[in-house]
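A.B. asks: Sequence plus the predicted model coming up.
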Amino acid sequence: GAMRSRAEVDATLQTAKLNPAELLPAVHCLSFGPQASTGECYLLQLEPGLCAELEAGRSLVIRGEKDEQAVLCSKDKTYDMKIADTSNMLLFIPGCKTPEQLNADQASCDIIHSQIAGFSNNYWELRRCRPKLKKLRKLLMEDPYEGPDSQKDQTLTFSKYTTEDLLSLIQASEEEILHQLQVINACKIEGHWRILEFDYEMKLLNHVTQLIDSESWSLSKVPLHTCLEELGSLEPREMIEHILLSYGRRYIDDAGEVYFEMHEDKICRAIAQMLLQNAVKFNLSEFQEVWQQSVPEGMTARLDQLQGLALVDRTSRPETILLLKVEDLPEDNQERFNSLFSIRDKWTEVDITPYIQDLCAEKQTVGALLTKYARSSMQNGVKVYNSRRPIS
Amino acid sequence: EAGSLAHSRGDGGLAEWVLVELQGEVEARHSGGLAGSLLGDLHYTREGVPVLIVGHHILYGKVVQLEKPFAVLVKKAAGEPDPAGPHTHYTVTALIKTKLLFKTRPKPIITNVPKKV
């Protein structure tokens, strides 16, 4: 229709018995734009920080396969997306000025013809969530790297993933993905992210620890250069450097030489895993003896190094220990608790914490999780937790 | 359906739109649909109170600074070539930090006062 004139606006004001003297001179004549009803416009409610990110020119990405619930990712955070309904109608209007803006701009136009770009009675709500990273390990375990001497056909690439591949498949932000790759000791081989096959990883670690022993190096001053020289004929240089990075902290001394401070806890833990995976269960004291003998000279094997890796049973006679890796357990909260309670029906907080710590949302505590997913009782003067529901 | 929220404009930053929140539903007055049809006149009092005249109703509202701003996403039209593959793309077209909330019951504009006989 034709655009409204000042005369028409004034006539309406008169009919409405509004005093123009009490109003700002500018008026917005609102009409529906040509695309208003097509429903192609969506509202996304922004969590703190996201608005600033968009204004800084950074993008947001929606990720999720058909069978997954969509998440929204910024550069370093992941959010669940949910539709929120409102009983009201929300109209979105470009170029609509607020009273503040009209007052500030003395030359503001008398009539502003504003077109409503769209309307909606719902919007997307965001809630910060844990990045869904279990899939990352699953993908990389499809084809673990077994070393250059492996009989496997290295030219097959269908199970190998580049950074871009992972970004499109994993429901997490880029920073969260890159951080997790570091945590799981993944490395890039010919442009693809690979996880090392455990036996190969232990073989590499063993080369290094044996060299440290034969050279009588301090565990906190392992020289990169000499490692590459001495071990370069046995393994690819990138792999030697990778194992040093995985199990040590890289630094440069005053002379500019690269050294590694070996990580005692990580090394002892890996050796424990190697021992534990050979049987279902071990006699605890026997295991501790063998374990201490297996770790490098100067290192102390301690049970607290095995949190989230092994479970000790102090109620059995003799006391036992078994391999239980938190990364092998379900990612979903309820499924994780079901799984833990099917392994053991009563847990102390100390024992269960390493296996549920990763489930905590931002600002959520282990205690809060236990309150929600478990029931507590006293057993022999100790507080224990069991399932809220009967386990089949 | 993964999608990327690309930035629509780099120069001058994102546009800022305003949200108008009304009670009830928006319906077209005639069969032609909403496109092009008028909604009403939006005035502000000198104290900054928004006043919306819609048909025979006056609505008084208030300006609200949104605690959580909105981003307006526009779905990329189907049929456009998509180099990234079969994913839905949304473009962030604008940000909304302010809304005009009209919660009061509309006051009808009485145009005829019947005369007593």
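C.D. replies: Here it is on my side, so go on.
A.B. asks: ok, for A:Pro131, nearest residue in space, not its chain neighbours?
C.D. replies: Closest residue in space to A:Pro131, ignoring its immediate chain neighbours: A:Ala172 at 3.2 Å, by Cβ to Cβ, 6 or more residues apart in numbering or on different chains. Using the backbone N, CA and C atoms, a C-beta is placed for each residue, glycine as well.
A.B. asks: in which helix or strand would I find B:Leu34?
C.D. replies: Using DSSP states H and E, B:Leu34 sits within no helix or strand.
A.B. asks: got any ranges where the stretch 251-392 of chain A has weak pLDDT?
C.D. replies: A:391-392 (pLDDT under 70).
A.B. asks: What segments of it are helices?
C.D. replies: Using DSSP state H, counting those that start in this stretch, the helices of the stretch 251-392 of chain A run over A:264-276, A:284-294, A:333-343, A:349-356, A:366-373.
A.B. asks: Which residues are in contact with A:Leu204?
C.D. replies: Neighbouring residues of A:Leu204 by Cβ atoms under 8 Å, 6 or more residues apart in numbering or on different chains: A:Leu196, A:Glu235, A:Met239, A:Ile240, A:His242, A:Ile243.
A.B. asks: Columns neighbour count, pLDDT and distance to A:Asp149 on top of the residues you listed, output as a markdown table?
C.D. replies: What follows is those, written out as a markdown table (neighbours: other Cβ atoms under 10 Å in any protein chain shown; pLDDT from 0 to 100; distance: Cβ to Cβ, whole Å):
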| residue | neighbour count | pLDDT | distance to A:Asp149 |
| --- | --- | --- | --- |
| A:Leu196 | 25 | 96 | 13 |
| A:Glu235 | 20 | 95 | 9 |
| A:Met239 | 22 | 96 | 11 |
| A:Ile240 | 22 | 97 | 15 |
| A:His242 | 22 | 97 | 16 |
| A:Ile243 | 27 | 97 | 16 |
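A.B. asks: What separation do you get for the residue nearest to A:Pro131 and chain B?
C.D. replies: Counting by Cβ to the nearest Cβ, to the nearest Å, the separation of A:Ala172 from chain B is 12 Å.
A.B. asks: what two of the contacts of A:Leu204 are the furthest from one another?
C.D. replies: A:Leu196 and A:Ile240 (12.4 Å; Cβ to Cβ).
A.B. asks: Make a markdown table from the helices of the stretch 251-392 of chain A and add distance to B:Lys62 to it.
C.D. replies: What follows is those, written out as a markdown table (distance: least, Cβ to Cβ, whole Å):
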| stretch | distance to B:Lys62 |
| --- | --- |
| helix A:264-276 | 59 |
| helix A:284-294 | 69 |
| helix A:333-343 | 41 |
| helix A:349-356 | 46 |
| helix A:366-373 | 38 |
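A.B. asks: Out of those, indicate the one that is most buried.
C.D. replies: Ranked by mean neighbour count, these are led by helix A:264-276 with a mean of 20 (mean count of other Cβ atoms under 10 Å in any protein chain shown).
A.B. asks: could you check whether the top strand by length along chain A is close to chain B?
C.D. replies: In chain A, assigned by DSSP state E, the strand with the most residues is strand A:78-93. Yes. Counting by Cβ under 8 Å from any Cβ of the partner chain, chain B has neighbours in strand A:78-93: A:Thr86, A:Ser87, A:Asn88, A:Met89, A:Leu90, A:Leu91, A:Phe92, A:Ile93.
A.B. asks: Could you tell me which of those residues count as buried?
C.D. replies: The neighbour-count test (16 or more other Cβ atoms under 10 Å in any protein chain shown) marks A:Asn88, A:Met89, A:Leu90, A:Leu91, A:Phe92, A:Ile93 as buried among the residues of strand A:78-93 next to chain B.
A.B. asks: Look up how far A:Pro48 lies from the third one.
C.D. replies: Distance, A:Leu90 to A:Pro48, by Cβ to Cβ, to the nearest Å: 21 Å.
A.B. asks: Toward the C-terminus, what is the element adjacent to the worst-scoring helix or strand of chain B on mean pLDDT?
C.D. replies: None of the helices or strands of chain B scores lower by mean pLDDT, DSSP states H and E than strand B:3-7, at a mean of 55. Using DSSP H and E, the helix or strand that directly follows strand B:3-7 along the chain is strand B:15-23.
A.B. asks: circling back: now tabulate the residues of strand A:78-93 next to chain B in a markdown table and tack on pLDDT.
C.D. replies: Putting the residues of strand A:78-93 next to chain B into a markdown table (pLDDT from 0 to 100) gives the following:
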| residue | pLDDT |
| --- | --- |
| A:Thr86 | 90 |
| A:Ser87 | 87 |
| A:Asn88 | 89 |
| A:Met89 | 90 |
| A:Leu90 | 93 |
| A:Leu91 | 93 |
| A:Phe92 | 93 |
| A:Ile93 | 94 |
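A.B. asks: can I get the helices of the stretch 251-392 of chain A in JSON lines with distance to chain B?
C.D. replies: Below are the helices of the stretch 251-392 of chain A laid out as JSON lines (distance: least, Cβ to the nearest Cβ, whole Å):
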{"stretch": "helix A:264-276", "distance to chain B": "35"}
{"stretch": "helix A:284-294", "distance to chain B": "45"}
{"stretch": "helix A:333-343", "distance to chain B": "24"}
{"stretch": "helix A:349-356", "distance to chain B": "30"}
{"stretch": "helix A:366-373", "distance to chain B": "24"}
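A.B. asks: what's the closest of those to A:Gln35?
C.D. replies: helix A:333-343 (42.2 Å).
A.B. asks: any idea whether A:Glu235 is helix, strand or coil?
C.D. replies: coil (DSSP: H, G, I helix; E, B strand; the rest coil).
A.B. asks: these two touch, right, it and A:Val208?
C.D. replies: No. At 9.8 Å, A:Glu235 does not count as touching A:Val208 under the criterion of Cβ atoms under 8 Å.
A.B. asks: And for A:Asn380, the neighbour number?
C.D. replies: The number of residues packed near A:Asn380 is 6, by other Cβ atoms under 10 Å in any protein chain shown.
A.B. asks: Look at A:Cys73 and say how many residues are nearby.
C.D. replies: Neighbours of A:Cys73 under the rule other Cβ under 10 Å: 26.
A.B. asks: Leaving out sequence neighbours, find the closest residue to it.
C.D. replies: Here the residue nearest A:Cys73, using Cβ to Cβ, 6+ apart, is A:Ser173, at 4.2 Å.
A.B. asks: List the residues that contact the one you found.
C.D. replies: Applying Cβ under 8 Å, 6+ apart, we find A:Ser173 in contact with A:Cys73, A:Ser74, A:Lys75, A:Asp76, A:Lys77, A:Thr78, A:Pro131.
A.B. asks: neighbour-wise, which of these leads?
C.D. replies: A:Cys73 (26 neighbours).
A.B. asks: need the contact list for the residue nearest to A:Pro131.
C.D. replies: A:Arg63, A:Val71, A:Cys73, A:Thr78, A:Pro131, A:Lys132, A:Leu133, A:Leu136, A:Gln180.
A.B. asks: and it, backbone torsions?
C.D. replies: Backbone torsions for A:Ala172, taken as degrees, to the nearest 10, come to phi -160, psi 160.
A.B. asks: Likewise for A:Glu68?
C.D. replies: Phi and psi for A:Glu68, reported as degrees, to the nearest 10, are phi -110, psi 150.
A.B. asks: And it, how far from A:Gln305?
C.D. replies: 35 Å.
A.B. asks: So for these two, which sits in the more crowded spot?
C.D. replies: A:Gln305 (21 against 14).
A.B. asks: and the angle for the longest helix seen in chain A with helix A:264-276?
C.D. replies: In chain A, taking DSSP state H as the definition, the longest helix is helix A:198-215. Here helix A:198-215 runs at 120 degrees with respect to helix A:264-276, directions being taken by axes from the mean of the first three to the mean of the last three Cα atoms, to 10 degrees.
A.B. asks: export helix A:198-215 as PDB, just CAs?
C.D. replies: C-alpha atoms of helix A:198-215 as PDB (Å, rounded to 0.1, in the frame of the first residue of the first chain):
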ATOM      1  CA  PHE A 198      49.200 -48.700  22.900                       C
ATOM      2  CA  ASP A 199      51.900 -51.300  22.400                       C
ATOM      3  CA  TYR A 200      53.700 -49.100  19.900                       C
ATOM      4  CA  GLU A 201      53.500 -46.200  22.400                       C
ATOM      5  CA  MET A 202      55.000 -48.300  25.100                       C
ATOM      6  CA  LYS A 203      57.700 -49.500  22.800                       C
ATOM      7  CA  LEU A 204      58.600 -45.800  22.100                       C
ATOM      8  CA  LEU A 205      58.500 -45.000  25.800                       C
ATOM      9  CA  ASN A 206      60.600 -47.900  26.600                       C
ATOM     10  CA  HIS A 207      63.400 -46.800  24.200                       C
ATOM     11  CA  VAL A 208      63.500 -43.500  25.900                       C
ATOM     12  CA  THR A 209      63.500 -44.800  29.500                       C
ATOM     13  CA  GLN A 210      66.200 -47.300  28.700                       C
ATOM     14  CA  LEU A 211      68.300 -44.600  27.200                       C
ATOM     15  CA  ILE A 212      67.800 -42.300  30.200                       C
ATOM     16  CA  ASP A 213      68.900 -45.200  32.400                       C
ATOM     17  CA  SER A 214      72.000 -46.200  30.300                       C
ATOM     18  CA  GLU A 215      73.100 -42.500  30.000                       C
END
